[in-house]
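> quick one: sequence plus predicted model below, questions after.
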Amino acid sequence: MVSARTGSVVVFDAYKLDNVHLDQVADYAVMRILGHPQPQAALAEDQPDTILNLFRMDPLEASHGLTLMDLAYLRGLYAMKPNESSTRLENFTIAAYRDLVELGCEEAGNCETEREPG
């Protein structure tokens, strides 16, 4: 599913960066480069919180970084085999989300992603 990349660049419009923290920009770039999500035409009311909404809303109201859903999406995406059908991404993302919740994660920023031995 994930293809190899030799280099990537994310370009930001400096006029759109008012009130945007550097951590938000970095996490937004991570999702764009590593997750290569499809652009969405319109936001649904019940859509999960994601750093990808950073420029669709007031940056002060946007997520301060990667959300638990963002982390689950990336984990699900990279858990897939290269020849896996993209239609299975939702299943992998849900499984990754459940694993993160089981680990006690409430936010991506303070989440221990590996279990303690023992």
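Cool, got the structure. Just so you know, these numbers come straight off a predicted model, no measurement behind them.
> drop to CA atoms for contacts and neighbour counts, all remaining ones
Fine.
> so which residue is smack in the middle of the chain?
The centroid of the chain falls nearest to residue 70 when counting by C-alpha atoms, centre = their mean (2.6 Å).
> so is that one in a helix, a strand, or just coil?
Following DSSP: H, G, I helix; E, B strand; the rest coil, we place residue 70 in the helix state.
> the one 4 residues further on now?
The three-state label for residue 74, taken from three-state DSSP, comes out as helix.
> that one touches residue 36, doesn't it?
No: counting by C-alpha atoms under 8 Å, residue 74 stays clear of residue 36, with 9.7 Å between them.
> looking at the two, which has the bigger crowd around it?
Neighbour tally, residue 74 and residue 36, criterion other C-alpha atoms under 10 Å: the higher count belongs to residue 74, 21 against 13.
> all the helices of this protein, residue numbers only.
Counting by DSSP state H, the chain has helices at residues 22-35, 68-79, 89-102.
> report how many residues lie close to residue 96.
Residue 96: 22 neighbours (other C-alpha under 10 Å).
> ok, it to residue 26 distance?
22 Å (C-alpha to C-alpha, to the nearest Å).
> swap in residue 15?
Distance from residue 15 to residue 26, by C-alpha to C-alpha: 17 Å.
> if you count surrounding residues, which of these two has more?
Higher neighbour count among residue 15 and residue 26: residue 26, with 14 against 6, using other C-alpha under 10 Å.
> please tell me how far that one sits from residue 105.
Taken as C-alpha to C-alpha, the span from residue 26 to residue 105 is 21 Å.
> and if you look at residue 73?
Separation of residue 73 from residue 105 (C-alpha to C-alpha): 14 Å.
> again, but for residue 23
Applying C-alpha to C-alpha, the value for residue 23 to residue 105 is 20 Å.
> residue 73 and residue 105 - which one has more neighbours?
residue 73 (23 against 17).
> surely the more buried one and residue 98 touch.
No: taking C-alpha under 8 Å as the definition, residue 73 is not a contact partner of residue 98, at 11.4 Å.
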